[in-house]
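Participant: got a structure for you, letters missing:
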């Protein structure tokens, strides 16, 4: 989400800086700043050197505190805080007080906004800011290399899931998806599941795949999973804990045939015209996968519709009016 916002703002002529707790910022000294109070110290020091007009803090209490601290020396800044997930610190009353210091709070879905407004007793300027996608394609050579690297050539159906392994209920969804593909092997002996991403709970997926190592590929972290989306026969986002599920939109933008759950925020912007949206029930997911595996024409049609929907309505540029308003740039 941050990289998409940065690109969009730059395209509209605004100078941006990314101060990353982990990973790459916009420059080396803005990268891997850590977390907690260590991040606050480093980020505030960087902000004072940059002298910015808008600070958009994301996801964590320490990014918010950094912005509040900086505001003491530059009271005129506009402060935006965005929730990415719905997890809340144990110090809820303190966190609620800190959130009250922001000019605007954004949420990735209406369901998340309603949940957190109730849980944290939020007031003020609360807005929904749906994530967007960056249009991209994948060369046939890259697709071929992906299939060869992970031993997927000749497999059908190839079912993909992309996402981190840091939340138990997300991992539970992947384990259930593995069980579905195991049973699918009775009808499709070359079926394979490709799990893209990494995290502290990865070992649970590896453990669940023991005895069926030829069935599942766990890639670990992949910087650009586009080839994974583009080479899947079915992209299935079976996760029981999602505030939105941006991987669904990314898969759609690559023309993948998508199965998604109606419990995530993505179901607020995606319906059955461009994807198969089902209840968070492994039996319904299994039935959807079997139905799609048996219908190549439907898979192609849904892939075309998915890409058209994503590129028409869900690229970052389509979000610009809402983002400009959030930042006070109208």
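Facilitator: Alright, I've got the coordinates. Since we're looking at a predicted model, the values are computed, not measured.
Participant: Centroid-nearest residue for this protein?
Facilitator: Centroid-nearest residue in the chain: residue 246, 3.5 Å away (criterion: Cα atoms, centre = their mean).
Participant: I'd guessed that residue sits against residue 109; true?
Facilitator: No. Here residue 246 does not reach residue 109: they are 11.0 Å apart, not a contact under Cβ atoms under 8 Å. Where you see a C-beta, it was placed from the backbone N, CA and C, and this is true even at glycine.
Participant: Now do the SS call for the residue in the chain sticking out farthest from the centre.
Facilitator: Checked against the mean C-alpha position of the chain, the extreme residue using Cα atoms, centre = their mean is residue 73, at a distance of 33.9 Å. The three-state assignment at residue 73 reads coil, by DSSP: H, G, I helix; E, B strand; the rest coil.
Participant: hey, what's in contact with both of residue 246 and residue 109?
Facilitator: residue 266 (Cβ atoms under 8 Å, 6 or more residues apart in numbering).
Participant: Please enumerate the helices of the stretch 51-200 of the chain.
Facilitator: Using DSSP state H, counting those that start in this stretch, the helices found in the stretch 51-200 of the chain span residues 61-71, 92-99, 110-120, 140-149, 168-184.
Participant: before we move on, back to that, report the contact partners of the residue nearest to the centre of the chain.
Facilitator: Residues in contact with residue 246 (Cβ under 8 Å, 6+ apart) are 1, 131, 133, 266.
Participant: who does the helix-or-strand element of the chain with minimal mean pLDDT touch, helix- and strand-wise?
Facilitator: Within the chain, no helix or strand scores below helix 202-208, which has a mean of 82 by mean pLDDT, DSSP states H and E. Contacting helix 202-208 under the criterion 3 or more Cβ pairs under 8 Å, 6 or more residues apart in numbering; DSSP states H and E are the following elements: helix 168-184, strand 216-220.
Participant: if we can go back for a sec, tabulate the helices of the stretch 51-200 of the chain in a markdown table, adding columns for mean neighbour count and distance to residue 226.
Facilitator: Formatted as a markdown table, the entries for these read as follows, by neighbours: other Cβ atoms under 10 Å; distance: least, Cβ to Cβ, whole Å:
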| stretch | mean neighbour count | distance to residue 226 |
| --- | --- | --- |
| helix 61-71 | 21 | 28 |
| helix 92-99 | 14 | 35 |
| helix 110-120 | 16 | 26 |
| helix 140-149 | 13 | 8 |
| helix 168-184 | 19 | 20 |
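Participant: which one of the contacts of residue 246 is nearest residue 95?
Facilitator: Out of these, the one with the shortest distance to residue 95 is residue 1. That distance is 20.3 Å, counting by Cβ to Cβ.
Participant: For that closest one, which non-adjacent residue is closest in space?
Facilitator: With sequence-adjacent residues excluded and distances taken as Cβ to Cβ, 6 or more residues apart in numbering, residue 1 is closest to residue 131, at 5.0 Å.
Participant: Cool, thanks, talk later.
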